[in-house]
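Peer 1: What would the 3D arrangement of this be:
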Amino acid sequence: MRWYRSLFFKVFLWFWAVIFLAMWAAVITNHWIEEDYFRPASQNEVLHLVQMMERDQPIIAEGRKLWRKVRPGWNLVSVPADLITQLPHDLEEFADYAGQTAQVLYGQNDGWLMIGPLEQAGYLYIAVARPQWPGLLDNEDRWLVPVAMVLVVTLLCGALVWSLTTPIRRLQRTVRRLAAGNFDVSDLRHVRFREDEIGMLAGEVMDMAGALQRLLHSHQQLLRDVSHELRSPLTRLQIALGIARKKDQQNLLQAEHSRIERAVQQVDGLVSQILDLARLQQSDSALLQLQTLPLQEQLHEWVDDAEPELQQKQLQIDWQLSAGALPCRWDWLLIQRAFDNLLRNAIRFAPAGSVLQVGLSSSHGLVSLWVQDQGPGVPEEQLESIFDPFTQVDSARDHAAGGYGLGLALVRRIVELHEGMVTASNAYPGLRVVMRLPQRINTAKS
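Peer 2: Numbers count the residues shown, from 1 in each chain. Predicted coordinates:
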């Protein structure tokens, strides 16, 4: 966002402009009230006025001053000498000064230019007035300018308030809908394009609405998946119990008891994984039990633990180790569980007699640990979603392999707790899952 598009700059500039206009209007009005500017009367204008007055016989009144309109902007005042003291104080001072010289003088007072003396018997003052802004407004229309200033300031302030309150009201309506469970944020599409703080806030609200919608959907999907996964072994339990009741032979009862035991173990394993995932999702890095151990040595031990499963499917391990002992500061129980999930997941889907690749590399303090099988792989559009709980590319295949779609979700959470990331990609054939973690984690106490 450019600085001149920020809300701070707009509000600052707007108020500065309004204050400037108000000050300017105040100064102009003050000049009109206290002081006007006039042009000096030329000698021709004075002679013309004197001739007009002599031709029309000047009006002289006892005890008062008389004004006579000669032409727009010009006025004559004829005052007898004995009435000078009745003039306003400023006019009296000017008249006294004008009577002491033979020159034509001009001065200003209350909007009139006074010139004199032109007679010996009395004092004749000729006033030639000019508005402060020639041709803009007549004297009697000066009140329109402050009114216009007020209107302009009102429009400017109204436009500013409207530009601020309209998107804020839209944000308010959207947040209310979000609180009510309605994730429609279409009102904010235009607001988001504002290149200021309000536009940024609208974008954050839209992103938040999308995240909340995805979170709610995932929770709903989780409930459906848990119900489905629990229903299957429970159904098998009910069937096995029903069969057992109808059988008398001890060997047949023993077989049904074994089926019941396997079903119970499946339910127990599923519940354990769900609880583990919930516990990890509520944990943070501060709870990690950190310890520094050589990774390559630990890696060989973990693969040795899976030797029975490897031999059962006649799988070979292709080691791709480009790092030495590589001491790492991790929570090793969690890392072992994450790697074990990757390895056993690869064993389940690898064809019998194929090769599993286990790799390790390090660069600039970042450790990459991967497992690759030669199985069917995953559709490209599902490579990211396989790390979500209960995600199954092929339900029948996953159930046959004994999976519930929780292993990779556990892997992702463990890696996130170690400030790393996990990705999956197709190896053609097979699937390759890579864990990338910093070699040392210092966010928790060992």
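
Peer 1: Quick check: Ala22 touching Thr154?
Peer 2: No. If you go by Cβ atoms under 8 Å, Ala22 and Thr154 don't touch, sitting 11.3 Å apart. Where C-beta positions appear, they are placed from N, C-alpha and C, glycine not excepted.

Peer 1: Those two: who's more crowded?
Peer 2: Neighbour comparison, Ala22 and Thr154: the larger count goes to Ala22, with 14 against 11 (by other Cβ atoms under 10 Å).

Peer 1: Using the three-state scheme, assign the more buried one.
Peer 2: At Ala22, secondary structure determined by DSSP: H, G, I helix; E, B strand; the rest coil is helix.

Peer 1: Could you report the pLDDT at it?
Peer 2: What the model reports for Ala22 is a pLDDT of 76.

Peer 1: For it, give its distance to Leu156.
Peer 2: To Leu156, Ala22 is 11 Å away according to Cβ to Cβ, to the nearest Å.

Peer 1: One more: Ala202?
Peer 2: 24 Å.

Peer 1: swap in Trp14?
Peer 2: Using Cβ to Cβ, Trp14 is found at 7 Å from Leu156.

Peer 1: Can I get stretch 346-354 in PDB, CA atoms only?
Peer 2: Output for stretch 346-354, consisting of C-alpha atoms alone and laid out as PDB, is shown next (Å, rounded to 0.1, in the frame of the first residue of the first chain):
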ATOM      1  CA  ALA A 346       4.800 -46.700   2.600                       C
ATOM      2  CA  ILE A 347       5.000 -50.400   3.600                       C
ATOM      3  CA  ARG A 348       1.200 -50.700   3.400                       C
ATOM      4  CA  PHE A 349       1.000 -49.400  -0.200                       C
ATOM      5  CA  ALA A 350       4.300 -50.700  -1.600                       C
ATOM      6  CA  PRO A 351       4.000 -53.700  -3.900                       C
ATOM      7  CA  ALA A 352       5.500 -56.900  -2.500                       C
ATOM      8  CA  GLY A 353       9.100 -57.400  -3.400                       C
ATOM      9  CA  SER A 354       9.600 -53.700  -4.300                       C
END
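
Peer 1: What residues sit buried inside that stretch?
Peer 2: By neighbour count, and taking 16 or more other Cβ atoms under 10 Å as the criterion, the buried residues in stretch 346-354 are 346-350, 354.

Peer 1: want to throw these into a markdown table with distance to Glu309 and pLDDT?
Peer 2: Output for these, formatted as a markdown table (distance: Cβ to Cβ, whole Å; pLDDT from 0 to 100):
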| residue | distance to Glu309 | pLDDT |
| --- | --- | --- |
| Ala346 | 10 | 93 |
| Ile347 | 5 | 93 |
| Arg348 | 9 | 90 |
| Phe349 | 12 | 90 |
| Ala350 | 10 | 92 |
| Ser354 | 13 | 94 |
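
Peer 1: Just give the number of residues close to Arg192.
Peer 2: Other residues close to Arg192 by other Cβ under 10 Å number 18.

Peer 1: The helix or strand hosting Val205 packs against which elements?
Peer 2: Using DSSP states H and E, Val205 sits in helix 197-246. In terms of contact count using 3 or more Cβ pairs under 8 Å, 6 or more residues apart in numbering; DSSP states H and E, helix 197-246 is assigned the packing partners helix 7-34, helix 144-179, helix 250-281.

Peer 1: swap the cut-off to 6 Å and go again
Peer 2: helix 250-281 (3 or more Cβ pairs under 6 Å, 6 or more residues apart in numbering; DSSP states H and E).

Peer 1: now the angle between helix 197-246 and the helix it packs on, please.
Peer 2: Angle of helix 250-281 versus helix 197-246, following axes from the mean of the first three to the mean of the last three Cα atoms, to 10 degrees, is 170 degrees.

Peer 1: for helix 250-281, packing partners?
Peer 2: Contact here means 3+ Cβ pairs under 6 Å, 6+ apart; on that basis helix 250-281 packs against helix 197-246, helix 407-417.
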